[in-house]
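Peer 1: Output the structure for:
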Amino acid sequence: MEAYQSGERIFGESRVQELTEKQERLPKDIHWHFIGHLQTNKVKYLVPFVELIHGVDSLKLLTEINKQAEKINQVVNCLLQVHIATEETKFGFSAEELLGLYQSDKLSELPFIRVCGLMGMATFTENHQQVRKEFQTLKSLYDTIKTDYVSGNDDFREISMGMSDDYQLAIEEGSTMIRIGSSIFGQRIY
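Peer 2: Now for the predicted structure:
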């Protein structure tokens with residue numbers, strides 16, 4: 001509430017249950033972003049109110065979001081998550097899968113999805129050169145898709161990369177949206 005009272009209106013949450021609970025009890029003019037790994041069985045809880053889903057990492061998940069959005073006749077904004085890190089624990093489309101998705105007609109078969117850009121998470125490391133290279137990879141993919149597949153589509157405009165530890169590098173490499181929760185709210189205790 002302190003952040004809200006200071007004028008902030010865009011908030012992200014990485015856990016579906018916490019997001020739905022916060023959405024119910026906090027002011028209704030908050031724009032909610034889901035920033036965590038989303039399981040298909042939990043999509044139905046977010047679709048009615050979420051403004052942007054950051055981590056859409058598979059065609060299966062896109063299809064489920066489309067299915068749930070169609071039920072309420074609402075288009076859902078999504079970012080396609082690209083696996084740019086060297087860590088195996090991260091999720092996302094490979095560059096080949098992402099380009100293959102755009103080369104196919106599959107996105108046109110999902111009318112209740114609006115792809116607004118790409119999202120990626122860099123490796124958690126102190127090696128700034130590696131992090132910068134991973135961000136450059138995401139920016140290059142974004143530029144390729146923007147130029148070759150969605151030119152003229154003003155909805156495709158976001159590159160969500162950079163968190164509390166690496167957001168400055170992300171901004172230098174073209175990020176349009178950063179996720180800096182722990183710098184503002186502190187480390188989460190699970």
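Peer 1: ranges for the helices of this structure?
Peer 2: Ranges of helices in the chain, per DSSP state H, are 2-5, 16-25, 43-46, 59-71, 95-103, 128-148, 167-172, 181-185.
Peer 1: what pLDDT, on average, does the longest one get?
Peer 2: When you say that, I think you mean helix 128-148. For helix 128-148, the per-residue pLDDT values average out at 95.
Peer 1: could you give the angle of that helix to helix 95-103?
Peer 2: Inter-element angle recorded for helix 128-148 and helix 95-103: 20 degrees (by axes from the mean of the first three to the mean of the last three C-alpha atoms, to 10 degrees).
Peer 1: Show me which residues of helix 128-148 are buried.
Peer 2: Within helix 128-148, the residues that count as buried by 16 or more other C-beta atoms under 10 Å are 131-132, 134-135, 137-139, 141-142, 145-146. Heads up, the C-betas are built off the backbone N, CA and C, glycines and all.
Peer 1: pLDDT at residue 27, what is it?
Peer 2: Each residue has a pLDDT score; the one for residue 27 is 93.
Peer 1: okay if I get the helices of the chain as JSON lines plus distance to residue 115?
Peer 2: Below are the helices of the chain laid out as JSON lines (distance: least, C-beta to C-beta, whole Å):
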{"stretch": "helix 2-5", "distance to residue 115": "28"}
{"stretch": "helix 16-25", "distance to residue 115": "21"}
{"stretch": "helix 43-46", "distance to residue 115": "16"}
{"stretch": "helix 59-71", "distance to residue 115": "8"}
{"stretch": "helix 95-103", "distance to residue 115": "9"}
{"stretch": "helix 128-148", "distance to residue 115": "9"}
{"stretch": "helix 167-172", "distance to residue 115": "20"}
{"stretch": "helix 181-185", "distance to residue 115": "24"}
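Peer 1: For residue 161, find the nearest of the ones you listed.
Peer 2: Taking C-beta to C-beta as the criterion, residue 161 comes closest to helix 167-172 out of these, the separation being 4.6 Å.
Peer 1: Please compute how far that closest one lies from its chain's middle.
Peer 2: 16 Å (C-alpha atoms, centre = their mean, to the nearest Å).
Peer 1: got the contact list for it?
Peer 2: With contact meaning C-beta atoms under 8 Å, 6 or more residues apart in numbering, helix 167-172 is reached by 122, 128, 131-132, 135, 161-162, 175, 178-180.
Peer 1: which residues does the spatially most central residue of the chain contact?
Peer 2: Among the residues of the chain, the smallest C-alpha distance to the mean C-alpha position (C-alpha atoms, centre = their mean) belongs to residue 54, namely 1.5 Å. The neighbourhood of residue 54, defined by C-beta under 8 Å, 6+ apart, consists of 12, 33-35, 79, 81, 119, 160, 179.
Peer 1: which parts of stretch 159-177 are buried?
Peer 2: Of the residues in stretch 159-177, those scored as buried under the neighbour-count criterion (16+ other C-beta under 10 Å) are 159-163, 166-167, 169-170, 173-175, 177.
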